[in-house]
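Visitor: test case, fold it:
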Amino acid sequence: EAQKERFQARLDASQKHWKFRAGDLEDRELWDEFQKAYETAISETAAPHAPWYVIPADRKWYRSLVITQILINHLESLDMSFPEAEEGLDQIVITG
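Guide: Numbering: from 1, shown residues only. Predicted structure coming up:
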């Protein structure tokens, strides 16, 4: 239903015609097959070291929030820290 509304909005506004092509309607008929292909691709390629995330995209602000939270969680899980500094650096003075 959301896709139908987006397509119609693109057809109703001439400045959005560039976002639409007639082939989109043929592709729309294949929606169920696309969904099965996506499910197969995700289930066959997801791994603990390289997971897939399904991101809701109906609201851009929420999509961005979800992606940001995933990135924050992953970066925090890396438990990164600065490397140890060389001994004696506090004694060095750069002159000239």
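Visitor: so what's the most centrally placed residue in the chain up against?
Guide: The residue lying closest to the centre of the chain (CA atoms, centre = their mean) is residue 67, at 6.2 Å. By CB atoms under 8 Å, 6 or more residues apart in numbering, the contact list for residue 67 reads residue 55. (C-beta placed from N, C-alpha, C; glycine too.)
Visitor: repeat the analysis, applying 6 Å as the threshold.
Guide: Listed by CB atoms under 6 Å, 6 or more residues apart in numbering, residue 67 has no contact partners.
Visitor: next up, phi/psi of it, please.
Guide: Main-chain torsions, residue 67, degrees, to the nearest 10: phi -60, psi -40.
Visitor: distance of it relative to residue 54?
Guide: Going from residue 67 to residue 54 by CB to CB, to the nearest Å gives 12 Å.
Visitor: convert the helix or strand hosting residue 9 to PDB, retaining C-alpha atoms only.
Guide: Per DSSP states H and E, residue 9 falls inside helix 2-12. Taking C-alpha atoms only, helix 2-12 is exported to PDB below (Å, rounded to 0.1, in the frame of the first residue of the first chain):
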ATOM      1  CA  ALA A   2       2.800   2.400   0.900                       C
ATOM      2  CA  GLN A   3       4.600   1.700  -2.400                       C
ATOM      3  CA  LYS A   4       1.300   2.300  -4.300                       C
ATOM      4  CA  GLU A   5       1.000   5.700  -2.700                       C
ATOM      5  CA  ARG A   6       4.600   6.600  -3.500                       C
ATOM      6  CA  PHE A   7       4.100   5.600  -7.100                       C
ATOM      7  CA  GLN A   8       0.900   7.600  -7.400                       C
ATOM      8  CA  ALA A   9       2.500  10.600  -5.800                       C
ATOM      9  CA  ARG A  10       5.300  10.400  -8.400                       C
ATOM     10  CA  LEU A  11       2.800  10.300 -11.200                       C
ATOM     11  CA  ASP A  12       0.700  13.100  -9.800                       C
END
